[in-house]
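S.K.: turn this into a structure:
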Amino acid sequence: MKNIINQISEKVKGTKFEIKFGVVCYRDHCDDKQGSYLVQKNDFEKDINKVLNYIDTLDSRGGGDLPEAVLDGLDNVLKLSWSKNENSWGGSQRVVFHIGDAPPHGKLFQDGETLEYDNHPNGCPCGLKFNKLIFKVLIIAASKMLLK
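M.R.: Next up is the predicted model:
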């Protein structure tokens, strides 16, 4: 992730463009109960070094089942300080890069073999719904969304 941020930053350096990065990191619902966090975020920042330093504080561990709290992470993307006034972004591109190693909770995202490893087979225990959430992310936060 840090390499991608550095590459993007280098490409816009010396141009008229301004770039900001926000980071949302999510784990799983059981991690929140084990003294860790469910979602952690760093709002938009122009200073690339601050963004990279924040990323250095993150670690990947935990999880009590295969799926992760992907929907909670996407929900927190909406809680970043996106401009309410489209004109204040000056026609800017809004891009969400989603990088994860596991699908969200729920039957919609599991096959027969992996569903048995989902502690929340009926979906996100917070009640978040993928279709509504992804629509909001695309409308409010991103002109493009890249999922991995």
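
S.K.: could I get the full set of strands for the chain?
M.R.: 21-26, 39-45, 95-98, 144-147 (DSSP state E).

S.K.: for those, which one sits closest to I134?
M.R.: strand 144-147 (8.0 Å; C-beta to C-beta). C-beta here means a position set from N, CA and C on the backbone, and glycine is covered the same way.

S.K.: could you pick out the longest helix of this structure?
M.R.: helix 2-12 (DSSP state H).

S.K.: roughly how far out does that helix sit from the chain middle?
M.R.: Distance of helix 2-12 from the chain centroid (C-alpha atoms, centre = their mean, to the nearest Å) equals 18 Å.

S.K.: that one vs strand 21-26, what angle?
M.R.: Helix 2-12 runs at 160 degrees relative to strand 21-26, counting by axes from the mean of the first three to the mean of the last three C-alpha atoms, to 10 degrees.

S.K.: list the buried ones in helix 2-12?
M.R.: I5 (16 or more other C-beta atoms under 10 Å).

S.K.: next: stretch 12-32.
M.R.: Buried residues in stretch 12-32 (16+ other C-beta under 10 Å): 19, 21-32.

S.K.: save those as a markdown table, and put in distance to N53 and pLDDT too.
M.R.: Shown next, in a markdown table, are those (distance: C-beta to C-beta, whole Å; pLDDT from 0 to 100):
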| residue | distance to N53 | pLDDT |
| --- | --- | --- |
| I19 | 17 | 89 |
| F21 | 12 | 92 |
| G22 | 14 | 93 |
| V23 | 11 | 94 |
| V24 | 16 | 94 |
| C25 | 14 | 93 |
| Y26 | 20 | 92 |
| R27 | 20 | 90 |
| D28 | 25 | 89 |
| H29 | 28 | 87 |
| C30 | 28 | 82 |
| D31 | 23 | 75 |
| D32 | 24 | 65 |
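
S.K.: which among these gets closest to I48?
M.R.: Closest to I48, out of all of these and judged by C-beta to C-beta, is F21, at 7.1 Å.

S.K.: count the residues that sit near Q40.
M.R.: 16 (other C-beta atoms under 10 Å).

S.K.: rewinding a little: dump the strands of the chain to a markdown table, plus distance to T15.
M.R.: Below are those laid out as a markdown table (distance: least, C-beta to C-beta, whole Å):
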| stretch | distance to T15 |
| --- | --- |
| strand 21-26 | 16 |
| strand 39-45 | 19 |
| strand 95-98 | 16 |
| strand 144-147 | 19 |
